[in-house]
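A.B. asks: what's the 3D shape of this:
(2 chains)
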Amino acid sequence: MTYLAAAMIVLWLLVTVYVVYISLRQRKLEHELVTLEENVNRSTPS
Amino acid sequence: MSTSTDATHVVASGHAEVATEPLRTTPRSGRGLVTLQLVLSVAAVIAMPVAMWAALIYAGDAVNLAGDEMYAQRIFYMHMGCNFGTLLAFSVSLISSGCYLFTRRLDWDRLANASVEIGLLMGVGIIVTGAIWAKPTWNTYWTWDPRLTTSTITVLIYFAYLLFRNGIDNRQTRARFASIYALVAFLTLPLTYYSARWFRSIHPVVFNGNNPEAEGSFGVGPTMATTIMIAAIAFSLLTCAIMLYRFRQLRVEDRIEEVREELYA
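C.D. replies: So this is what the prediction gives:
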């Protein structure tokens, strides 16, 4: 039973860590987009 | 979800001349991809618990096994699920790399990159679940058996794919190099599949064959076969859902990079 539980935990942990990683990356990208948009607006003559 | 639209908006509003390859295609195909990703994600969220239920409850106990070995045998379904996920992901990387070399469209390269990442995740899953299962079955976590060795080589080769491609600055050169590399790297998959048949291995052969050297023969009963099928579908859906999410993210990453280069050039 211990081995089965260990395998389940490790597998789900792997998937969760990767999904959290790409979610954090997504948040960072959204932040970069906002910064970029501000810079574009600033550099565009009105 | 809104990121790809935002990226397009930034480019379109500020520097229309920056828009190179994907500007025209992003908004059109983007909506379809969002819907597809939503469908796949929902399907994966439903299918994964079903696969866990099938692996832990529905599948019958393995005959001639007792104690830890009997419980550990249920790791097999997750192990096989990861196998299907890896095979699917690396096959996508093979096809999309080939498509990139023919069309030179960067979307194919992004898809190859995303599929290698998720394939690696599943590949590590195969090795880890296999090692944990090996302990009660073979009395060791690891042995340099041909199947285990070729699996590890496959994972390391695809890991090197990510390292190498990140070391190349020029976008087109990176895509071309990565595509050729992925085509060659795929050769390790048939090698891994046939390693337990071609060489003396203690790893059981589950499908289409029999390995007389295997430590623990493998007969698949009806509930086991159904569970394998459920696990294959669930892990494939999970692989596709994450792959698509990562693909869209890589698209946005590239567009941000393009706009930034133009802005600060």
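A.B. asks: near chain B, which residues of chain A?
C.D. replies: Counting by CB under 8 Å from any CB of the partner chain, the residues of chain A close to chain B are A:1-4, A:6-8, A:10-11, A:14-15, A:18-19, A:22, A:25-26, A:29-30, A:32-33, A:36-37, A:39-41, A:43-44. Where you see a C-beta, it was placed from the backbone N, CA and C, and this is true even at glycine.
A.B. asks: Among these, which lie within helices?
C.D. replies: A:2-4, A:6-8, A:10-11, A:14-15, A:18-19, A:22, A:25-26, A:29-30, A:32-33, A:36-37, A:39-41, A:43 (DSSP state H).
A.B. asks: thinking again about what came up before, filter the residues of chain A next to chain B down to the buried ones.
C.D. replies: A:3-4, A:6-8, A:10-11, A:14-15, A:18-19, A:22, A:26, A:29, A:32-33, A:36-37, A:39-40 (16 or more other CB atoms under 10 Å in any protein chain shown).
A.B. asks: Determine the set of other helices and strands touching the helix or strand that residue B:261 is a member of.
C.D. replies: Here residue B:261, judged by DSSP states H and E, is contained in helix B:222-264. With contacts defined as 3 or more CB pairs under 8 Å, 6 or more residues apart in numbering or on different chains; DSSP states H and E, the packing partners of helix B:222-264 are helix A:2-43, helix B:3-14, helix B:25-53, helix B:75-103, helix B:106-138.
A.B. asks: shaky segments in chain A?
C.D. replies: Applying pLDDT under 70 to chain A picks out residues A:45-46.
A.B. asks: let's see 80
C.D. replies: Counting by pLDDT under 80, chain A has low-confidence residues at A:40-46.
A.B. asks: And the residue of it closest to chain B?
C.D. replies: Nearest residue of chain A to chain B (CB to the nearest CB) works out as residue A:40 at 3.2 Å.
A.B. asks: hang on, that residue packs against residue B:264?
C.D. replies: No: applying CB atoms under 8 Å, one finds residue A:40 not in contact with residue B:264, separated by 11.4 Å.
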